[in-house]
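*Asks:* Any chance you can model this:
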Amino acid sequence: MSPLSSGAIGRLTFAVDPISVHFIAFTVVIWLAVTLYSVGWFGGASKRFLLPALAALGAVLGVFLADDLLTLFLFFEVLALLGFLLVRQGEGARGASIRYFWTMLVGGLSSWQASSCTQPERTRRRRFSWCWASG
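*Replies:* Alright, predicted model coming up:
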């Protein structure tokens, strides 16, 4: 299926297709509800929460609009870093946020290696000599 619209910003490429539109609409509605609820939950500390939450929404939208593997990976890792900041908001959440950060970092790098190994044409071009599929 060809995208409805596509474009590039530097080396990052984005595309909009019907499935992306549905995911984006659903995510924005849920994110709005969560943000409104969190303002009451956090009280006066909600200002510390709102900026990372808004940036995380942007990263999620970047994941949904990614047109290539590099763009998807970069936005996923940005989302992981912002998630670290969001998890750290609660009291006593320092250990949980550190575990979350390392889990997301290892998961993201493993995903990158696995996807680069399963795409030989991209692997040869970028010369990943450590990849078993590059031979």
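*Asks:* show me where this protein has strands.
*Replies:* Ranges of strands within the chain are 5-9, 12-16, based on DSSP state E.
*Asks:* mean pLDDT lowest for which of those?
*Replies:* Here the lowest mean pLDDT among the strands of the chain goes to strand 5-9, at a mean of 56.
*Asks:* Residue ranges in the protein under the pLDDT threshold?
*Replies:* 1-10, 44-46, 90, 116-135 (pLDDT under 70).
*Asks:* ok, now with 90
*Replies:* By pLDDT under 90, the low-scoring segments of the chain are 1-15, 17, 34-54, 66-74, 76-77, 79-102, 104-135.
*Asks:* Please determine how far the nearest residue to Trp31 once chain neighbours are set aside is located from Phe101.
*Replies:* Sequence neighbours aside, Leu57 is the residue nearest to Trp31 in space, at 5.0 Å (criterion: C-beta to C-beta, 6 or more residues apart in numbering). All C-beta atoms are positioned from the backbone trio N, CA, C, and that covers glycine. Between Leu57 and Phe101 the distance is 19 Å, computed by C-beta to C-beta, to the nearest Å.
*Asks:* swap in Leu69?
*Replies:* Using C-beta to C-beta, one gets 22 Å for the distance from Leu69 to Phe101.
*Asks:* Looking at the two, which is more packed in?
*Replies:* Taking other C-beta atoms under 10 Å, Leu69 and Phe101 do not tie; Phe101 has more neighbours (17 against 14).
*Asks:* how much space is there between the residue lying closest to that one once chain neighbours are set aside and Leu57?
*Replies:* Counting by C-beta to C-beta, 6+ apart, Phe84 is the residue found nearest to Phe101 once chain neighbours are left out, at 4.4 Å. Per C-beta to C-beta, Phe84 is found 16 Å from Leu57.
*Asks:* would you list every one of the helices in this protein?
*Replies:* Counting by DSSP state H, the chain has helices at residues 18-42, 46-65, 69-87, 94-117, 120-126.
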